[in-house]
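>>> Sequence below, structure please.
(one chain, ligands or ions: 1)
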Amino acid sequence: MNSRTKTLIAGATGQIGSSVGTHLREADGHWNPIGLARRPPPQPAFPMIAADLTDPADSLAQLGKLEDVTHIVYAARFNHFGGAPESVDTNVAMLANLMDAIEPIARNLAHVHLVHGTKFYGHTVRERPVPYREEDPCGNPGSFYLPQQQLIERRQRGKQWTWSISRPHAFCNYRDDEPRNMILVVAIYATLLKELGLPLIFPGTARSFDAMTQFSWLPTLSRAIAWMMRAPQCANQAYNVVNGDPMRWRDLWPTLAAYFGMEVGEPGGSDFASFVADKAPLWEAIIRRHGLRATDLLTIAQWPYGDYVLSVQWDVVSDMSKAARDGFAERVDSRGMWTAGFDYFREQRIIP
Ligand SMILES: NC(=O)c1ccc[n+]([C@@H]2O[C@H](COP(=O)([O-])OP(=O)(O)OC[C@H]3O[C@@H](n4cnc5c(N)ncnc54)[C@H](OP(=O)(O)O)[C@@H]3O)[C@@H](O)[C@H]2O)c1
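Now for the predicted structure:
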């Protein structure tokens, strides 16, 4: 890596792009991230440009001067909500438009990384043998992951640059400006139940309570991406990136209940979104009594996202041995990640 490295982060204001960009800016001074999104904030954490990747002309116009880009982290994703289906055509066209704009001018392009996920294996489509391995066939024809992967494989043939793909699962991060945040969803849900004198009821089915699940700590994903972009053995490879300690919700739930001093509740309550629908007055009363920051219960956390995460009725476990074999051995204690996240939201005065 040298001082001429410049890393374009597509989707730089998104959940992943913003964290990866911040990590690369802080990592070792060499990545020089430059972000891309339609609506960069006025004071971004790292330099950003505005471009609409659905528009080939705008992509060419805005990206056409980035001759010095050496690395691309592609974490853009067209508008979506909760677990609703996402447009394959639009998401593939966005990647194509970016490559059409950058590839002809970036003569020192070295690596293109795509952030994908376990949806590749079809974890929301049907039960399949676990652990998921990178060489498993795609199990999700409705996802844009395989078409994007095929596009990048095709474009790379005969070129000097290489590609890699990360396949994380449900992201966890300590941020109070990201409503798609399972730790925040559970923290507020628990606070409401506790106020009502109820146990920590599991808002999913008995089957999902017993299913194995897993998480991806975003700082670990950022380090994994930096590793893939540097390590020669990662060229043209996909890697699972999860914490590495899969567990049943049934086994994690007591840790979460204990944090809030609550009894463990069985499954069978309503889902998150239905539960919070009429709880705004209760939440406002909690805020007033504890002097918390003023937040809107229905928007501070994306409740349908929480229901989407719990909707899977079977085991979802990714095999981390390929990354370990090739040199990335970082693992995360997911229980500690959850409780430290609750600490963070307390410090931020979002929960009491
Ligand atoms: N979130 C998860 O739990 C999760 C889990 C596993 C895998 N993944 C995968 O990780 C990747 C990134 O997801 P994410 O959740 O971080 O995405 P996200 O938060 O929805 O962010 C999307 C980003 O893309 C930008 N964008 C959208 N449309 C654009 C356009 N037309 N032109 C330019 N930029 C555009 C957005 O900025 P503007 O709106 O300003 O344009 C934003 O910066 C996806 O492949 C996703 O499937 C996510």
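
>>> The residue of the stretch 51-200 of the chain found nearest the ligand - how many residues pack around it?
Nearest to the ligand in the stretch 51-200 of the chain, going by Cβ to the nearest ligand atom, is residue 117, at a distance of 2.8 Å. C-beta: built from backbone N, CA, C; applies to glycine. Residues near residue 117, counting by other Cβ atoms under 10 Å, number 23.

>>> Quick check, it in contact with residue 169.
Yes. Taking Cβ atoms under 8 Å as the definition, residue 117 is a contact partner of residue 169 at 6.6 Å.

>>> sorry, back to before: report the contact partners of the residue of the stretch 51-200 of the chain closest to the ligand.
Residue 117 makes contact with 145, 167-169 under the criterion Cβ atoms under 8 Å, 6 or more residues apart in numbering.

>>> would a markdown table of those with distance to residue 74, neighbour count and pLDDT be doable?
As requested, these are arranged in a markdown table below (distance: Cβ to Cβ, whole Å; neighbours: other Cβ atoms under 10 Å; pLDDT from 0 to 100):
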| residue | distance to residue 74 | neighbour count | pLDDT |
| --- | --- | --- | --- |
| 145 | 11 | 23 | 98 |
| 167 | 14 | 22 | 98 |
| 168 | 14 | 26 | 98 |
| 169 | 19 | 24 | 97 |
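
>>> hang on, the earlier thing: any idea how far residue 148 is from the residue of the stretch 51-200 of the chain closest to the ligand?
Using Cβ to Cβ, to the nearest Å, residue 117 is found at 12 Å from residue 148.

>>> go on, residue 225?
16 Å.

>>> of these two, who's got more company?
A direct count of neighbours by other Cβ under 10 Å for residue 225 and residue 148 places residue 225 higher, at 29 against 20.

>>> wait, is the more buried one part of a strand?
No. Counting by DSSP: H, G, I helix; E, B strand; the rest coil, residue 225 is not found in a strand; it is helix.

>>> so what's the residue of the stretch 51-200 of the chain closest to the ligand scoring on pLDDT?
You'll see residue 117 listed with a pLDDT of 97.

>>> where does this structure have low pLDDT?
For the chain, the stretches flagged by pLDDT under 70 are 1-3, 82-83.

>>> need the contact list for the residue of it found nearest the ligand.
Using Cβ to the nearest ligand atom, the closest approach of the chain to the ligand is made by residue 14 at 2.1 Å. By Cβ under 8 Å, 6+ apart, the residues touching residue 14 are 37, 75-77.

>>> And residue 101, by the same measure?
56, 59-60, 62-64.

>>> go with 7 Å
Each residue near residue 101 by Cβ atoms under 7 Å, 6 or more residues apart in numbering is listed here: 59-60, 63-64.

>>> What is the helix or strand where residue 8 lies packed up against?
Using DSSP states H and E, residue 8 maps to strand 7-10. Where contact means 3 or more Cβ pairs under 7 Å, 6 or more residues apart in numbering; DSSP states H and E, strand 7-10 is packed against helix 15-27, strand 33-37, strand 71-74.

>>> what's around the closest residue to residue 188 other than its chain neighbours, how many residues?
Excluding its sequence neighbours, the residue lying closest to residue 188 (Cβ to Cβ, 6 or more residues apart in numbering) is residue 301, at 5.6 Å. Neighbourhood size, residue 301 [other Cβ under 10 Å]: 25.

>>> same thing with residue 220?
Neighbour count for residue 220, taken as other Cβ under 10 Å: 21.

>>> quick one: secondary structure of it?
Per three-state DSSP, the secondary structure class of residue 220 is helix.

>>> From residue 334, how far off is it?
Distance, residue 220 to residue 334, using Cβ to Cβ: 11 Å.

>>> got it, and residue 312?
Relative to residue 334, and taking Cβ to Cβ, residue 312 is found at 16 Å.

>>> can you check residue 18 too?
22 Å.

>>> what sits against residue 173?
Contacts for residue 173 were tallied using Cβ under 7 Å, 6+ apart; they are 19, 181, 218.

>>> Any chance of these in CSV with neighbour count and distance to residue 278 as columns?
Output for the contacts of residue 173, formatted as CSV (neighbours: other Cβ atoms under 10 Å; distance: Cβ to Cβ, whole Å):
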residue, neighbour count, distance to residue 278
19, 20, 34
181, 26, 22
218, 22, 32
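
>>> Endpoints of stretch 33-41, how far apart?
With Cα to Cα, to the nearest Å applied, stretch 33-41 spans 15 Å between its terminal residues.
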